[in-house]
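**Student:** test case, fold it:
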Amino acid sequence: MTTTLIIPGYRGSEAGHWQRQWLVDDPQAKVVEQEDWENPVLSDWLHVLEAHLAEHPHAVLVAHSLGCVLVSHLANRPAAAHVAGALLVAPADSERMARHDRKFASFAPLPRQELMFPSVVVASRNDEYMSFAKAKALADVWGSGFVDLGHAGHINPASGFGYWPEGLILTSSFRQPALIAAE
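**Tutor:** Here you go, the predicted model:
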């Protein structure tokens, strides 16, 4: 079975977040728990993600917000070879965040290179953490598919997203090649 690695953003995913709900329903899902959710350091977060990928090769990554930026920084690292695919939901503009708060400086600049694994960016037209135009431009640079979720805020509980079954459908698309290869 393919492992799903759930990658929350800054402060983790709160109770009621669709990422946390997916953990309950998917026995193959594991959260990539960071040691310090309040003070993100890219090198520390990458180390934790890479350790999970070493333990679960060919995992599907499901990232939200700053977690998407973490995954994009994985692009040119050897661990990227262990990624079956990535769903990048509501990526955060770490460049803008770093200008307002130095704690995000290590996550800037945003990587602008093609990801070495299949990916889909899901963005909202009214996300306070990333403009729609920048999310679309990054998806193009990353070689990612793109889903316009309309006016969906930051795609979290505060914007009305609880379980989010459509996200599960998008995630399942990364498992299809593995199923076909196994036949």
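
**Student:** longest helix in this protein, by residue count?
**Tutor:** helix 42-55 (DSSP state H).

**Student:** what ranges does the chain have for its strands?
**Tutor:** 4-7, 29-31, 59-64, 83-89, 119-123, 145-148 (DSSP state E).

**Student:** which outside residues touch stretch 13-20?
**Tutor:** 6, 8, 31, 62, 64, 155-157, 161-164, 167 (Cβ atoms under 8 Å, 6 or more residues apart in numbering). From N, CA and C alone the C-beta is placed, and that goes for glycine too.

**Student:** burial count for the residue lying closest to G153 once chain neighbours are set aside?
**Tutor:** Nearest-residue entry for G153: S159, 2.6 Å, with adjacent residues in sequence omitted and distances by Cβ to Cβ, 6 or more residues apart in numbering. S159 is flanked by 16 other residues according to other Cβ atoms under 10 Å.

**Student:** look up how far S106 lies from S159.
**Tutor:** 27 Å (Cβ to Cβ, to the nearest Å).

**Student:** likewise for E14?
**Tutor:** 23 Å.

**Student:** who has more neighbours, these two?
**Tutor:** The neighbour comparison of E14 against S106 (other Cβ under 10 Å) goes to S106, with 16 against 12.

**Student:** could you list the low-pLDDT ranges of this protein?
**Tutor:** For the chain, the stretches flagged by pLDDT under 70 are 176-183.

**Student:** please enumerate the helices of it.
**Tutor:** So, for the chain - with DSSP H - the helices run 18-25, 42-55, 66-73, 94-100, 132-142, 165-172, 176-182.

**Student:** okay, these in TSV with mean neighbour count and distance to L88 next?
**Tutor:** Below are the helices of the chain laid out as TSV (neighbours: other Cβ atoms under 10 Å; distance: least, Cβ to Cβ, whole Å):
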stretch	mean neighbour count	distance to L88
helix 18-25	17	13
helix 42-55	16	13
helix 66-73	27	4
helix 94-100	17	13
helix 132-142	18	8
helix 165-172	16	10
helix 176-182	10	18
